[in-house]
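Peer 1: Sequence and predicted structure below; questions after.
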Number of protein chains: 2
Amino acid sequence: MKTIKIPDAAIARLALYSRPLRALLESGVSVISSEKLAQFCGVNPAQVRKDLAYFGEFGVRGVGYDVGDLLREIKKILATDKEWILCIVGIGNLGHAIVENENFRKMGYRFAAAFDKDPKKAGEELPCGLVIEPVSKLRELIRALHIQIGVITTPPDAAQRVADLLMDAGINGILNFSPTQVKTPKGYVIENVDFTVRFENLAYHISKVP
Amino acid sequence: MKTIKIPDAAIARLALYSRPLRALLESGVSVISSEKLAQFCGVNPAQVRKDLAYFGEFGVRGVGYDVGDLLREIKKILATDKEWILCIVGIGNLGHAIVENENFRKMGYRFAAAFDKDPKKAGEELPCGLVIEPVSKLRELIRALHIQIGVITTPPDAAQRVADLLMDAGINGILNFSPTQVKTPKGYVIENVDFTVRFENLAYHISKVP
């Protein structure tokens, strides 16, 4: 495999391409054209071919891609061919929604611990089987359970503090769903997910519809 | 204002810039440099200046931007200077998290109706005050309440059907949180928000940390 730097947008699209590939594989479909894959994902076929070209020669001209091979290769590139162990901090509505989401589980993301700062919530068992732990046990459990990724679903004013706690406990990857930008030093990876931003994109585009 | 086509990524960043601007305005800060704004948003200052240059001359060289003016202009560009009326379909954990999210309300997105296909949920009052309506009333309520945007938080297998119902009822903008790509004909605007994709970005980047 070549070691060209793949743009972030291409990485995001690889994840997107893996969705229909997974569904096709489960349905027993073994070959797909770039046109069809592009159509499933709402992008153009040239984009699909360009993105896949970043990591080598794929598919047979005029025939298409082998669904299983392509999915396996995408998962290898994305490092999702192995299980990731996660914890989540902040068990409100959004925390519940994320920790209970079957898609995360299907995709190999395993929540090993759930934390909340509300002492009244500690000990409560979630439908997924996890028991809510107090934030005071964060460091200890992250180490004991070999947790690699921290998910933040706290109110915005707590997000940076929680991120600092997570990093201090040895986590180097954070997914922040709290509507504030969390900052991390070099060597840590943060994805700030703010869905209100998506509303604004939508509003902008709707206002441009004639 | 010029009518240059603004790239989608710049639109997403404008939404991002508006976050600290809002906070600064509330705190009584009236001027901000592009360096400081960039720092708050985790982008570089040249990017901020380039994005803002799309819509005219802003700021005073060596001084900075007027916080209130800049926020007002960004909101005008994004069409978020007016209230948007939304409905949501699918009141599970994620539906709850979104409809109850105070940030959406603060930003002028008003949920006027909440629908669920489960007849047992119909009539249930949500903490935000909305009463869950059966999907059979979708068309009638969208028209009566002048709803402009539909938010989908159903399981993936229902998402396309719900999108079709929403469009049929006169909605032309959809935000889909269900982990499947929903397709819309030309003239309709869809934002597919799949947070599992963000996990994959994160996994990719963590696996690249030395």
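Peer 2: It's in.
Peer 1: can you list the weak-confidence ranges in chain A?
Peer 2: A:1-5, A:210 (pLDDT under 70).
Peer 1: in it, which spans are helices?
Peer 2: Residue ranges of the helices in chain A, as given by DSSP state H, are A:8-26, A:34-41, A:45-53, A:67-78, A:93-100, A:102-106, A:138-144, A:156-168, A:195-208.
Peer 1: May I see the ones you listed organised as CSV, with distance to B:Asp118 and mean neighbour count added?
Peer 2: C-beta: built from backbone N, CA, C; applies to glycine. Shown next, in CSV, are the helices of chain A (distance: least, Cβ to Cβ, whole Å; neighbours: other Cβ atoms under 10 Å in any protein chain shown):
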stretch, distance to B:Asp118, mean neighbour count
helix A:8-26, 25, 18
helix A:34-41, 29, 18
helix A:45-53, 38, 17
helix A:67-78, 34, 19
helix A:93-100, 16, 22
helix A:102-106, 17, 15
helix A:138-144, 35, 16
helix A:156-168, 32, 18
helix A:195-208, 24, 21
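Peer 1: Using CSV, lay out these together with distance to chain B.
Peer 2: As requested, the helices of chain A are exported to CSV (distance: least, Cβ to the nearest Cβ, whole Å):
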stretch, distance to chain B
helix A:8-26, 4
helix A:34-41, 6
helix A:45-53, 13
helix A:67-78, 5
helix A:93-100, 4
helix A:102-106, 5
helix A:138-144, 15
helix A:156-168, 8
helix A:195-208, 3
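Peer 1: Show me the domain layout of chain A.
Peer 2: If you go by automatic domain parsing, the domain ranges for chain A are A:8-77, A:84-196.
Peer 1: With distance to B:Gln39 added, can I get the ones you listed in JSON lines?
Peer 2: Shown next, in JSON lines, are these (distance: least, Cβ to Cβ, whole Å):
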{"stretch": "domain A:8-77", "distance to B:Gln39": "20"}
{"stretch": "domain A:84-196", "distance to B:Gln39": "9"}
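Peer 1: Tell me how far A:Ser178 lies from chain B.
Peer 2: Separation of A:Ser178 from chain B (Cβ to the nearest Cβ, to the nearest Å) stands at 10 Å.
Peer 1: which residue sits closest to that residue in space, ignoring its chain neighbours?
Peer 2: Excluding the flanking residues, the one nearest A:Ser178 by Cβ to Cβ, 6 or more residues apart in numbering or on different chains is A:Ala159, at 3.8 Å.
Peer 1: can I assume the one you found is in contact with A:Asn176?
Peer 2: Yes: using Cβ atoms under 8 Å, A:Ala159 is in contact with A:Asn176, at 5.9 Å.
Peer 1: What's the separation between A:Thr153 and chain B?
Peer 2: Using Cβ to the nearest Cβ, A:Thr153 is found at 8 Å from chain B.
Peer 1: Show the contacting residues for that residue.
Peer 2: Shown in contact with A:Thr153 (Cβ atoms under 8 Å, 6 or more residues apart in numbering or on different chains): A:88-92, A:94-95, A:98, A:177-178.
Peer 1: if you set the cut-off to 6 Å instead, what comes out?
Peer 2: For A:Thr153, the contact set (Cβ atoms under 6 Å, 6 or more residues apart in numbering or on different chains) comprises A:90, A:94-95, A:177.
Peer 1: What is the longest strand of chain A by residue count?
Peer 2: strand A:109-116 (DSSP state E).
Peer 1: Quick check: beta-bridge partners of A:Val31?
Peer 2: A:Val31 has the following beta-bridge partners by DSSP bridges: A:Asp66.
Peer 1: isn't A:Gln148 right up against A:Ile85?
Peer 2: Yes: at 5.3 Å, A:Gln148 counts as touching A:Ile85 under the criterion of Cβ atoms under 6 Å.
Peer 1: In terms of packing, which of those two has more residues around it?
Peer 2: The residue with more neighbours, out of A:Gln148 and A:Ile85, is A:Gln148; 19 against 15, by other Cβ atoms under 10 Å in any protein chain shown.
Peer 1: hang on, the earlier thing: which residues are common contacts for A:Ala159 and A:Asn176?
Peer 2: A:152, A:182.
Peer 1: where does the residue lying closest to A:Lys75 once chain neighbours are set aside sit relative to A:Gly90, distance-wise?
Peer 2: Nearest non-adjacent residue to A:Lys75, counting by Cβ to Cβ, 6+ apart: A:Asp81, 4.1 Å away. Distance, A:Asp81 to A:Gly90, using Cβ to Cβ, to the nearest Å: 29 Å.
Peer 1: With A:Asp8 instead?
Peer 2: 26 Å.
Peer 1: sorry, back to before: looking at A:Asp81 and A:Gly90, which has the bigger crowd around it?
Peer 2: Of the pair A:Asp81 and A:Gly90, A:Gly90 is the one with more neighbours under other Cβ under 10 Å, namely 23 against 14.
Peer 1: Leaving aside the residues adjacent along the chain, what's closest to that one?
Peer 2: Nearest non-adjacent residue to A:Gly90, counting by Cβ to Cβ, 6+ apart: A:Thr154, 3.5 Å away.
Peer 1: And for that neighbour, the neighbour number?
Peer 2: 26.
Peer 1: and what of A:Ile149?
Peer 2: Neighbours of A:Ile149 under the rule other Cβ under 10 Å: 23.
Peer 1: hang on, it packs against A:Leu86?
Peer 2: Yes: with contact defined as Cβ under 6 Å, A:Ile149 reaches A:Leu86; the gap is 4.6 Å.
Peer 1: what's A:Asp51 in contact with, if anything?
Peer 2: A:10, A:13.
Peer 1: Hmm, A:Ser34 is touching A:Pro45, no?
Peer 2: Yes: contact criterion Cβ under 6 Å: A:Ser34 and A:Pro45 qualify, at 4.6 Å.
Peer 1: circling back to that earlier point, tabulate the helices of chain A (CSV), appending distance to B:Ile74.
Peer 2: Below are the helices of chain A laid out as CSV (distance: least, Cβ to Cβ, whole Å):
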stretch, distance to B:Ile74
helix A:8-26, 23
helix A:34-41, 30
helix A:45-53, 29
helix A:67-78, 33
helix A:93-100, 26
helix A:102-106, 33
helix A:138-144, 37
helix A:156-168, 19
helix A:195-208, 9
